[in-house]
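Novice: My questions concern the predicted model and sequence given below.
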Amino acid sequence: MSPRRQGGNSPSHQRGGGRRESSNSDVPNWVIYVWDLVSSVAIVALIGALLFTASGIWPPMVAVESGSMEPTLQRGDLVFVMEADRFPGPNAHAGTGIVSARAAQGTDYTKFDGPGDVIVYKPDGNEQETPVIHRAMFWVEEGENWLDKANPDYLRGNSVCKRGSSGDRVPNCPAPNAGFITKGDANPSYDQISGIAGSPVKPKWIIGTAELSVPYLGDIRLSASASATRPTNTGLTASGEAATNATG
């Protein structure tokens, strides 16, 4: 009895397997290809939607082009950027959501191994220029002699604010507008001294704050950008200082 049951079951199992193979072979290859393509696009769209929901800006990721924020941010890093006022830190300047390095003193608030927020901004609000990703150092009011707040190590020679004073007059002092004085961590002077930015960075010029970085992934974005267009911005000022540009 037992051998007969085994023998009887075996052909049935084989026939069932044959039916499954026949069913799979009935699906055209193009249907499988389209399904895989649609699934991949849907996954990418879902990830993009989640990133946009978290950051509040688009694109939420930028690639670092140069080295003025080294060693914490290096060329080829992919940086996640968030809307500045989404989750403001302690002592954030009113209405901006940004904590400057000066305001972060005496707190544990750090970003990228330094006090205060690292921001992505449009130089002088110019939409045609590649955005810069540097640290917000301190806030100044319109008409303020901001050299009084500045670290002398980040100025040049005998920098002075008032016209007619003996020394190297800073052209954007007193401040022509309210905003943030900024600096690349690896640069010897403020952006407003080196010429990377012509004036303090207005809040409306700020795209967002840098939150975290992933090494090397930005190289893909930079390679695609380089192959599509000729580079128009070397990231260097007339003084030779680098501006860490951020390609979105």
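Specialist: Perfect, thanks for sending it.
Novice: What ranges in the protein fall below the confidence cut-off?
Specialist: Segments of the chain classed as low confidence (criterion: pLDDT under 70) are 1-25, 44-59, 164, 221, 224-248.
Novice: Would you map out the domains in it?
Specialist: Taking automatic domain parsing as the reference, the chain has its domains at 2-50, 56-247.
Novice: Can you tell me which of those domains is most buried?
Specialist: With neighbours defined as mean count of other C-beta atoms under 10 Å, those peak in mean count at domain 56-247, which reaches a mean of 18. In short, each C-beta sits where N, CA and C put it, glycine included.
Novice: from the chain's centre, how far out does that domain sit?
Specialist: How far domain 56-247 lies from its chain's middle: 12 Å, per C-alpha atoms, centre = their mean, to the nearest Å.
Novice: Ok, stretch 31-40 next?
Specialist: On C-alpha atoms, centre = their mean, the centre of stretch 31-40 falls 32 Å from the chain's centre.
Novice: CA atoms only for it, dumped as CSV, please.
Specialist: Taking C-alpha atoms only, stretch 31-40 is exported to CSV below (Å, rounded to 0.1, in the frame of the first residue of the first chain):
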residue,chain,number,x,y,z
VAL,A,31,5.6,42.8,-18.9
ILE,A,32,8.2,41.7,-16.3
TYR,A,33,10.5,44.5,-17.5
VAL,A,34,7.8,47.2,-17.3
TRP,A,35,6.8,45.9,-13.8
ASP,A,36,10.5,46.2,-12.6
LEU,A,37,10.8,49.6,-14.1
VAL,A,38,7.6,51.0,-12.6
SER,A,39,8.5,49.5,-9.2
SER,A,40,11.9,51.1,-9.3
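Novice: could you show me where the strands are in this protein, in order?
Specialist: 61-64, 78-82, 110-111, 114-115, 118-121, 132-140, 159-160, 168-169, 179-183, 206-214, 246-247 (DSSP state E).
Novice: Let me have those strands in CSV, adding distance to Tyr33 as columns.
Specialist: Below are those laid out as CSV (distance: least, C-beta to C-beta, whole Å):
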stretch, distance to Tyr33
strand 61-64, 29
strand 78-82, 30
strand 110-111, 44
strand 114-115, 49
strand 118-121, 39
strand 132-140, 40
strand 159-160, 64
strand 168-169, 66
strand 179-183, 49
strand 206-214, 31
strand 246-247, 32
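Novice: Nearest to Pro88, out of the ones you listed?
Specialist: Checking the strands of the chain against Pro88 by C-beta to C-beta gives strand 206-214 as the closest, at 9.2 Å.
Novice: Tell me the strands beside that closest one, with direction?
Specialist: In the sheet, strand 206-214 lines up against strand 78-82 (antiparallel), strand 118-121 (antiparallel) (DSSP bridges).
Novice: any chance of those in JSON lines, plus distance to Pro171?
Specialist: Putting the strands paired with strand 206-214 into JSON lines (distance: least, C-beta to C-beta, whole Å) gives the following:
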{"stretch": "strand 78-82", "distance to Pro171": "30"}
{"stretch": "strand 118-121", "distance to Pro171": "19"}
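Novice: Out of those, the one nearest Ser166 is which?
Specialist: Closest to Ser166 of those is strand 118-121 (C-beta to C-beta; 33.2 Å).
Novice: what's that closest one in contact with?
Specialist: 62, 69, 73, 79, 81, 84, 98, 111-112, 131-136, 180, 182, 197, 201, 205-210, 246 (C-beta atoms under 8 Å, 6 or more residues apart in numbering).
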